[in-house]
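1. the following comprises the amino acid sequence and a computationally predicted model.
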Amino acid sequence: LLVISPWLVRNLHVFHGQVLYSTHSGLDALEGVLTPQGRALPGDHERLVAAVGWEPPVDVETNNASRYKLADEPTLNRQCWDAALKLWRERNFSLIPLAAKKVADFWLSTDQLIWTAGFGLRVRLVRGGAVLVYWVLLVLAVAGWFRLKRKDAHLVRIFLFYAVLVTVM
């Protein structure tokens, strides 16, 4: 909190108390439902436009005159939050598979193997190789975690809490 407090104070001042954390929080929530892999894929543009009528963040982060057709950032943030909450309500328990997919994409980098058709062969091979190296490092980390668990159970719980916290965030 100490590190980000100047930013929080700035947001409270600049956005007249309408936004505390970030004007991208609604956008992040919306993209988390519509584009859970966290990387642009074919069709993402259409899904975002269908949800809110404009393409976040492309239509906002521009110097083009088209930006003036959109509302202010707090209003757009609220619009994204409303759309995300609507999608969450519509999907009910399908959020559980969505969360599992996000964890697989985040922790196992499965999206780097599956969703790479838009890249050239060389890029796909490099990404695949990087994922394999990452998997080896992940296996070593998990093995080290179990080994440390035998020596210091308290420290292991702290590491586990940190890993879960980072994943959730």
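-> Ah, there it is. Numbering: from 1, shown residues only.
2. low-confidence ranges in this structure?
-> For the chain, residues meeting the criterion pLDDT under 70 lie at 39-40, 93.
3. how far away is the most far-flung residue of it relative to its centre from residue 145?
-> For the chain, the residue at maximal distance from the C-alpha centroid (CA atoms, centre = their mean) is residue 151, at 34.7 Å. Here the criterion is CB to CB, to the nearest Å. By it, residue 151 lies 11 Å from residue 145. In this view, the C-beta of every residue, glycine as well, is placed from N, C-alpha and C.
4. what of residue 81?
-> As judged by CB to CB, residue 81 and residue 145 stand 36 Å apart.
5. again, but for residue 25
-> Going from residue 25 to residue 145 by CB to CB gives 32 Å.
6. same deal with residue 156?
-> Counting by CB to CB, the gap from residue 156 to residue 145 is 6 Å.
7. show me where the protein has helices.
-> Secondary structure of the chain by DSSP state H: the helices cover 5-14, 25-34, 44-52, 73-91, 95-108, 111-114, 121-151, 153-168.
8. dump these to TSV, plus distance to residue 63.
-> TSV is the format used below for those (distance: least, CB to CB, whole Å):
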stretch	distance to residue 63
helix 5-14	19
helix 25-34	19
helix 44-52	20
helix 73-91	15
helix 95-108	32
helix 111-114	31
helix 121-151	30
helix 153-168	34
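9. appreciated, that's everything.
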